[in-house]
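[1] Structure, please.
(one chain, ligands or ions: 1)
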Amino acid sequence: MQVLLKSRKILYMVFFIILLLLVLTSKSYAKETIENNDKKTVYLTFDDGPSIITDKLLDTLKSCNVKATFFVVGKEIPGREKVLKRIYNEGHSIGLHTYSHNFKKIYKSDDIFINEMLSSQEKIKEVTGYSSNFIRFPGGSSKHLSGSMLEKIHKNNLRVFDWNSSLEDGVKPNLSVDDLVKNSKKCRVCDHRIILLMHCNSNNTNTIKALPKIIDCYRNRGYEIKPIIDSTPEYYYKFKK
Ligand SMILES: [Zn+2]
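    Numbers count the residues shown, from 1 in each chain. Predicted coordinates for the structure are as follows:
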């Protein structure tokens, strides 16, 4: 009887080890296929413009031969129509970042939020003739996005883009160039697809200085730099249903 129990124990152990090995190998296989099949891509995204520094930022992007994405605030457009046209004419993508960027106002209700995006969409269309469908929540979608809100967003033909890496130049615009470059290498979810959050407010001059180094770093790591376009998969944080 004892021998039988012992051999049964061994059998269970062997079965457990085989199961463990299967789980481990399938995980590493899945990881490998993602890395092999999907090219590493980084999307450089600039929020809050257009501003007085946007022209300089565009010069830098041009000299680095890079196309980026600008999440534009509607109220910043009047008086800066020329620079918005330049963003569009130079082949960068334009996204929506509300009209007022006023947190107390924009998050009062889903409808107010969507209308803020649509007003911005209209203003951009008036200036460039282009109707943008990409949106970015000021401060990110966490704590704001819900299933029903996402449904409304999609009904209005809009798509959400959060980020998984940030320069932290929105809250700390005076960070040194070295610190900004360091931050550009950190990621919330390190993926083959990086959406990097940066800002182009009037005080983000160090971001422009850091940009060529950030671009070089990503290129050296084998990343392709792309603007967000219609076929770019939507990206938003998980939310409670
Ligand atoms: Zn913003």
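[2] Report pLDDT for the nearest residue to residue 165 once chain neighbours are set aside.
    The shortest distance from residue 165 to any non-neighbouring residue, by Cβ to Cβ, 6 or more residues apart in numbering, is to residue 187 (4.2 Å). Any C-beta I mention is one placed from the backbone N, CA and C, and that applies to glycine too. pLDDT for residue 187: 84.
[3] Then residue 39?
    Looking at residue 39, the pLDDT reads 87.
[4] ditto for residue 92
    Predicted confidence (pLDDT) for residue 92: 98.
[5] So it is in contact with residue 62, correct?
    No: Residue 92 is not in contact with residue 62 according to Cβ atoms under 8 Å; the separation is 10.0 Å.
[6] quick one, what contacts residue 77?
    Contact analysis of residue 77 by Cβ atoms under 8 Å, 6 or more residues apart in numbering lists 50, 84, 123, 124, 127.
[7] State the distance from the first one to the ion.
    According to Cβ to the ion, to the nearest Å, residue 50 stands 13 Å off from the ion.
[8] swap in the fourth one?
    For residue 124, the distance to the ion equals 16 Å [Cβ to the ion].
[9] Pretty sure that residue sits against residue 135.
    No: using Cβ under 8 Å, residue 124 is not in contact with residue 135; the gap is 11.9 Å.
[10] Now do the shared contacts for these two.
    residue 96.
[11] check which helix or strand covers the nearest residue to residue 55 once chain neighbours are set aside.
    Spatial nearest neighbour of residue 55, chain neighbours left out: residue 83 (5.7 Å); criterion: Cβ to Cβ, 6+ apart. Element membership for residue 83 (DSSP states H and E) is helix 81-89.
[12] Among residue 124 and residue 135, which residue is more densely surrounded?
    Each of residue 124 and residue 135 has its neighbours counted (other Cβ atoms under 10 Å); residue 135 has more, 26 against 23.
[13] which ones are touching the more buried one?
    71, 95, 96, 97, 117, 153, 158, 159, 160, 161.
[14] Kindly recompute the last result at 7 Å.
    Residue 135 makes contacts with 95, 96, 117, 158, 159, 160, as judged by Cβ atoms under 7 Å, 6 or more residues apart in numbering.
[15] Repeat that for residue 177.
    Residues near residue 177 by Cβ under 7 Å, 6+ apart: 206, 209, 210.
[16] dump the residue contacts of the second one.
    Think residue 209. residue 177.
[17] Helix or strand: which one has it?
    helix 205-220.
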